[in-house]
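Trainee: quick one: sequence plus predicted model below, questions after.
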Amino acid sequence: MSRSVRLVPAVAAATLVLALTACDDEGAPDASGAPGLGDPYFPKAGNGGYDVSHYGLTLAYTPEGNRLSGTAAVTARATEDLAAFDLDLAGMEVEAVTVEGGAAEFRRDGQELIVRPRDTLSEGETFEVRVRYSGSPRTITDSDGSKEGWLRTEDGALALGEPNGSMAWFPGNHHPSDKASYDVAVTVPKGLTAVSNGELRSERRADDGRTTFAWHAAEPMASYVATVAIGRYTVTRPTVTRTSDADADAEADAAPDTGAGSGSAAEGGLPVYVAVDPSQVAASRKVLARLPEVMEWAETNFGPYPFSSAGAIVDRPEDVEYALETQNRPVYPGAPDLETLVHETAHQWFGDSVTPKNWQDMWLNESFATYAEWLWAEDEGGATAEETFTELYDHGEDEYEDLWAFPPAKPTTAAHISDSPVYQRGAMVIHRIRTTVGDDAFYDIVQGWAAAHRHGNASTGDFTAYVEQQAPDEDFTDIWADWLYGEGKPERP
């Protein structure tokens with residue numbers, strides 16, 4: 001997310017979600033997955049009892065009337081015996097549910113879609129649940145007034161999901177700990193374009209002029225960085241040269257034929273898909289032209305780019321209030337500045353590839369993305385990271401009144417997970433690690449961390465243990481105790 005905007009979600013329901021239970025022939029209650037994963041800030045986010053491996057979303061949207069219809073095919077593996085399980089879905093009308101091809105009973109309770117399959121699913125069993133639904137998807141207003149979910153725009157819509165907004169437009173296990181691959185096919189009226197994550201596999205126009213855009217995201221993705229952008233866009237498809245030919249060759253061997261002229265690693269670079277609202281093309285041109293340069297710089301600092309495509313979505317500033325690190329192609333509210341481009345690009349490593357296990361670990365996303373801005377400025381001949389750190393320590397309260405309000409790894413409530421301690425003070429933690437171990441060891445740690453948890457999830461505890469393992473002769477006690485978890489302003493290092 002952009003460092004300059006607070007995106008603070010409210011839990012999408014104050015409703016009490018009741019587990020669906022029944023009794024077997026012997027009178028014992030049968031197994032139902034938990035209606036929430038117990039996240040410390042969003043306890044109802046996600047669901048227990050299964051892990052999703054793939055989402056297949058077939059959608060059709062008509063901006064006039066804000067009408068969305070869809071079928072979600074969710075492939076998952078049961079992690080316990082399941083007589084019933086939950087999916088997160090806020091709003092929309094559910095018309096039918098099947099599990100393994102058989103009609104399933106279902107009911108709604110707040111954000112929970114509670115499904116009872118015909119037969120109990122056994123632990124370890126892979127199954128597919130299909131949900132057919134339609135309606136007017138919701139815009140979710142967070143506790144600070146910012147908006148997520150399904151945002152209507154001047155000429156279409158934009159779906160943003162951090163942290164719970166994705167449940168406004170498709171049913172799923174909406175917690176960052178459950179990542180999956182995606183296929184998203186979106187049919188839109190004549191003249192509109194539908195952009196999503198990953199690579200464009202096909203673009204098919206029907207006789208009535210409606211066009212279906214089919215997108216494939218092969219690498220695991222948390223639902224909060226899934227997106228759909230629908231509107232009139234000016235599309236460009238440049239390529240970015242990889243810093244590692246081996247990575248490009250490997251991805252070329254595995255990449256599907258898109259059939260859409262989107263480019264491929266085999267053609268000499270990483271395919272890039274950039275969609276810009278026509279009103280923002282001129283203002284965006286100069287900064288977006290530097291995307292290949294920024295990505296090459298990021299690979300040098302953070303290691304090989306973790307995905308098989310890249311790009312950007314630029315909408316009108318009046319349509320979206322903040323930038324967000326949607327996977328493969330971040331969303332920008334109007335023409336981005338260079339700092340924001342660097343920030344959201346860094347998130348592809350930190351947040352999108354290495355994803356937090358829960359929302360308390362969000363500082364791992366934002367601290368690295370913010371520190372990337374410091375490193376970029378340093379490498380471009382601006383303030384050094386040490387100068388930025390010192391300025392923040394001495395005068396940070398002038399710009400960020402809440403800078404020392406709480407430690408990065410302990411936001412006080414869900415309403416504060418996007419406040420400045422998570423971003424700026426989090427970046428100060430990263431800098432303290434750098435000054436403790438020295439540059440050579442620091443970059444080994446950063447690149448090793450990104451590689452060790454590539455396409456996975458990690459917690460704050462995983463990170464501190466990794467740093468200590470990579471620099472066993474250094475003492476990080478004060479950094480963890482005072483800077484990461486300590487209350488108030490730490491003593492000057």
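Mentor: Received the coordinates, thanks.

Trainee: separation between S223 and P171?
Mentor: 10 Å (Cβ to Cβ, to the nearest Å). Heads up, the C-betas are built off the backbone N, CA and C, glycines and all.

Trainee: cool, N457 as well?
Mentor: Taken as Cβ to Cβ, the span from N457 to P171 is 21 Å.

Trainee: neighbour-wise, which of those two wins?
Mentor: Taking other Cβ atoms under 10 Å, N457 and P171 do not tie; P171 has more neighbours (28 against 19).

Trainee: put the alpha carbons of the helix or strand encompassing R77 into CSV.
Mentor: With secondary structure defined by DSSP states H and E, R77 is part of strand 67-78. Output in CSV follows, covering the C-alpha atoms of strand 67-78 (Å, rounded to 0.1, in the frame of the first residue of the first chain):
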residue,chain,number,x,y,z
ARG,A,67,-24.7,-5.6,-11.9
LEU,A,68,-22.2,-8.5,-11.3
SER,A,69,-22.9,-12.1,-11.9
GLY,A,70,-20.4,-14.9,-11.4
THR,A,71,-19.5,-18.4,-10.7
ALA,A,72,-16.7,-19.2,-8.3
ALA,A,73,-15.0,-22.6,-8.6
VAL,A,74,-12.9,-23.0,-5.4
THR,A,75,-10.6,-26.0,-5.3
ALA,A,76,-9.4,-26.8,-1.7
ARG,A,77,-8.1,-29.6,0.5
ALA,A,78,-9.9,-30.5,3.7
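
Trainee: which residues touch the helix or strand just after it?
Mentor: Following strand 67-78 in sequence order, the next helix or strand is strand 85-88 (DSSP H and E). Contact partners of strand 85-88, identified using Cβ atoms under 8 Å, 6 or more residues apart in numbering, comprise 17, 20, 32-35, 44-47, 49-50, 74, 111-115, 121, 129, 131, 164, 167, 171-174.

Trainee: just how off-centre is strand 85-88 within its chain?
Mentor: 20 Å (Cα atoms, centre = their mean, to the nearest Å).

Trainee: and if you look at stretch 99-106?
Mentor: That offset, for stretch 99-106, works out to 30 Å (Cα atoms, centre = their mean).

Trainee: what of stretch 378-386?
Mentor: 29 Å.

Trainee: same check on stretch 148-159?
Mentor: 17 Å.

Trainee: mind listing the strands for the stretch 201-350 of the chain?
Mentor: Here the stretch 201-350 of the chain has its strands, by DSSP state E, counting those that start in this stretch, at 211-221, 229-231, 234-236, 239-240, 270-276, 310-315, 331-333.

Trainee: may I see those arranged in a markdown table, with mean pLDDT, mean neighbour count and distance to E487 as well?
Mentor: Compiled in a markdown table, the strands of the stretch 201-350 of the chain are given as follows (pLDDT from 0 to 100; neighbours: other Cβ atoms under 10 Å; distance: least, Cβ to Cβ, whole Å):
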| stretch | mean pLDDT | mean neighbour count | distance to E487 |
| --- | --- | --- | --- |
| strand 211-221 | 98 | 21 | 35 |
| strand 229-231 | 98 | 26 | 41 |
| strand 234-236 | 98 | 15 | 48 |
| strand 239-240 | 82 | 20 | 43 |
| strand 270-276 | 96 | 23 | 44 |
| strand 310-315 | 98 | 26 | 39 |
| strand 331-333 | 98 | 25 | 34 |
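
Trainee: who wins for proximity to H431 among those?
Mentor: With Cβ to Cβ as the criterion, H431 lies closest to strand 331-333 of these, at 26.3 Å.

Trainee: run the chain-centre distance for stretch 89-99.
Mentor: 23 Å.
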